[in-house]
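In: Here is a sequence with its predicted model. Questions after.
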Amino acid sequence: MRRTPIVLALAGVLALTSCSSSGEQGAQSAAPGSAAAPAGGGGGFAVITHGGAGDAFWDVVKNGAEAAGKQYGVKVTYQGDGDPAKQSQLIDQAVAEKVDGLVVSMANPDALKEAVGKAVAAKIPVVTINSGADSSKAFGALTHVGQSEDVAGRGAGEQLKAAGVTKLLCVVHEAGNVGLDQRCKGAEQTLGGTVERLQVDVANLADVTSKVTAKLQSDKQVNGVLALNPAVAVAARDAIKDSGSQARLATFDLSGDVVAAIKDGEILFAVDQQQYLQGYLPITFLKLYKDNLNTVGGGLPVNTGPGFVTKDNAEQVAKLAEAGTR
């Protein structure tokens, strides 16, 4: 975590916006003496992710982005679509509307390369989030905000190994998502046992439960399950109960249900990438760039994780999750 650049960035943007009401929703003019906006469309900042409607994880990202927009008095719009082609169309639409800045998650970087390139060519500053860190700089983004999926996966593998897991089922809920593959690979590197992937569809959670149940019933050697999404984690918890398995369950990312399950001992831990920051910080960074041409990260990603939520700290996190910030 590079805390110092983030702290300085926040301090700078607060100084730039201190003379304006935080409740304004229109695009705010630059402070006296600051640089002119690089993209002067006046369209505010657009956040376009690969998250589907109603996904608890992405709801928190949206909350973070909207909170930053409210604090800094800038217009923030949020849209998400899990289909890379449709996500690209949303990016193209934002470029056509001449937004002042763009925040994009890149679960499938190759599919978004052309659309992001159009934004950069139009001199619209781009910050990537969550997925696609390896392609962010090459695509011309100002910085990337997220966690290293490799590092997070290795951390999960270490904790599962300590819990006695020797054969792990890594449940992949989005085909082609490079970040999910990195998580499974990272866990495989440190587990010291066998890691098997199971492809499921996050849009059909009943089927997720059915497929995990069938796998646990057919392979009694599987004594660990790693979900890569909070909704999938809850479905996997139900599968473990339905199958009568003693497999230990862990997950990536948080929801209120996941935190409650950790408190009840049904989930061992959650890898927390603090997705609220993945919405909040990019708006902060774009505001700084628009008003003062500041950049953050020095060419390296700004890490928001990984952290770990366990039974020891779940009670505190639960209150924050209820508020929609964790």
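Out: Happy to help now that I have it. Numbers count the residues shown, from 1 in each chain.

In: All the strands of this structure, residue numbers only.
Out: Along the chain, counting by DSSP state E, strands occupy 45-49, 76-80, 101-105, 126-129, 143-147, 167-172, 194-199, 224-227, 248-252, 270-272, 302-305, 307-309.

In: check contacts around the closest residue to Ala46 other than its chain neighbours.
Out: Distance criterion C-beta to C-beta, 6 or more residues apart in numbering; nearest residue to Ala46, sequence neighbours excluded, is Ala94 at 4.1 Å. Backbone N, C-alpha and C define where each C-beta goes, glycine included. The contact partners of Ala94, by C-beta atoms under 8 Å, 6 or more residues apart in numbering, come to 43, 46, 48, 102, 119, 124.

In: and of the residues you listed, the nearest to Gly69?
Out: Taking C-beta to C-beta as the measure, Gly69 lies nearest Ala46 of the contacts of Ala94, at 10.9 Å.

In: Could you tell me how many residues sit around the closest one?
Out: 25 (other C-beta atoms under 10 Å).

In: Tell me which residues touch it, please.
Out: Residues in contact with Ala46 (C-beta under 8 Å, 6+ apart) are 76-79, 94, 97, 99, 101-103.

In: Is it possible to get a markdown table of the contacts of Ala94 that adds pLDDT?
Out: Listed next are the contacts of Ala94 as a markdown table, based on pLDDT from 0 to 100:
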| residue | pLDDT |
| --- | --- |
| Gly43 | 81 |
| Ala46 | 98 |
| Ile48 | 98 |
| Leu102 | 98 |
| Ala119 | 98 |
| Ile124 | 98 |
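
In: Now for those residues, which sits with the most neighbours around it?
Out: Leu102 (28 neighbours).

In: Look up how far Phe45 lies from that residue.
Out: Distance, Leu102 to Phe45, by C-beta to C-beta, to the nearest Å: 7 Å.

In: Name the nearest residue to the residue nearest to the spatial centre of the chain, ignoring sequence neighbours.
Out: Centroid-nearest residue in the chain: Asn130, 3.9 Å away (criterion: C-alpha atoms, centre = their mean). Closest residue in space to Asn130, ignoring its immediate chain neighbours: Ser105 at 4.2 Å, by C-beta to C-beta, 6+ apart.

In: My read is that that neighbour contacts Ala133, right?
Out: No - assessed by C-beta atoms under 8 Å, Ser105 is found out of contact with Ala133, at 10.6 Å.

In: Quick check: the gap between Cys306 and Val126.
Out: Heads up, residue 306 is Pro, not Cys. 24 Å.

In: what do you get for Ala53?
Out: Relative to Val126, Ala53 is positioned 23 Å away (C-beta to C-beta).

In: These two: who's more crowded?
Out: Val126 (22 against 10).

In: Any stretches of this protein with poor pLDDT?
Out: Scanning the chain with the threshold set as pLDDT under 70 gives 1-42.

In: which residues in it form helices?
Out: 3-17, 56-72, 84-96, 109-121, 133-136, 149-162, 178-191, 205-218, 230-243, 256-263, 275-292, 314-322 (DSSP state H).

In: Closest to Thr213 out of the contacts of Ala94?
Out: Set against Thr213, the nearest of the contacts of Ala94 by C-beta to C-beta is Ile48 (35.4 Å).
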